[in-house]
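Enquirer: Sequence first, then the predicted structure, then my questions.
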Amino acid sequence: MIRTARPEDVPQIVRFVQELALYEKLPEEAKATEEQLHTALFGPEAAVFAHIAEDDTTGRPVGFALWFLNFSTWDGVHGIYLEDLYVRPEARGGGHGKALLTELARICVRRGYSRLQWSVLDWNEPSIGFYRSLGAVPQDEWTVFRLAGGPLAALGATDGGADSGAGGPR
């Protein structure tokens, strides 16, 4: 069963995020707190959404999908960016991952969104094979860039000149 996350799910979502970080061999990177996730999901300016996969027999949460809206300037409509998809190892192969992706695809179709998009680590062959089996295709012509930590702080601290190119009011 797939359902929308509720405020009482936040501690479980944090545990899922930590388990996912361990699986991806980056446990030290999972720093989000329950308070941060609660605010992101349920606060006054919430812009992040989550769904929980529950075991059909026990009703226990076995996975989650955390996502937010993106926008295609070419299509002129929103899409969904799937930030995290995780199913506990003991529940894999039970259809939970596919059910979570199916629910997000339904949201896209129902709302007229043009795409469901996510990233996957190059070494994660089981997930890549699973995604391909659903008809997903890699965007090999694109390279993901990230600005974080010191370089982000340094760039954000600069004046940027008379026309920073940011395209918005100062």
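Expert: Thanks, I have it.

Enquirer: What segments of the protein are helices?
Expert: Assigned by DSSP state H, the helices in the chain fall at 10-23, 34-42, 96-111, 125-133, 149-157.

Enquirer: Would you mind telling me which of those is nearest Y86?
Expert: helix 10-23 (4.2 Å; Cβ to Cβ). (Glycine included, C-beta is placed from N, CA and C.)

Enquirer: could you give me the average pLDDT of that closest one?
Expert: Throughout helix 10-23, pLDDT has a mean value of 97.

Enquirer: contact partners of that helix?
Expert: Applying Cβ atoms under 8 Å, 6 or more residues apart in numbering, the contact partners of helix 10-23 are 5, 27-30, 32-34, 37-38, 41-42, 50, 52, 61, 63-64, 66, 84, 86, 88.

Enquirer: so how far is W118 from L85?
Expert: As judged by Cβ to Cβ, to the nearest Å, L85 and W118 stand 7 Å apart.

Enquirer: Which one of these two is surrounded by more residues?
Expert: Neighbours were counted for L85 and for W118 using other Cβ atoms under 10 Å; L85 has more, 24 against 17.

Enquirer: didn't the more buried one look like it was pressed against A65?
Expert: Yes - if you go by Cβ atoms under 8 Å, L85 and A65 touch, sitting 5.0 Å apart.

Enquirer: Buried ones in stretch 94-113, by neighbour count?
Expert: Using 16 or more other Cβ atoms under 10 Å as the test for burial, stretch 94-113 gives G94, H96, G97, A99, L100, L101, E103, L104, C108, Y113.

Enquirer: Can you name the residues that contact the closest residue in space to L134 that isn't next to it in sequence?
Expert: Of all residues not flanking L134 in the chain, L101 sits nearest, at 6.5 Å (Cβ to Cβ, 6 or more residues apart in numbering). Counting by Cβ under 8 Å, 6+ apart, L101 touches A65, L82, L85, L116, L134.
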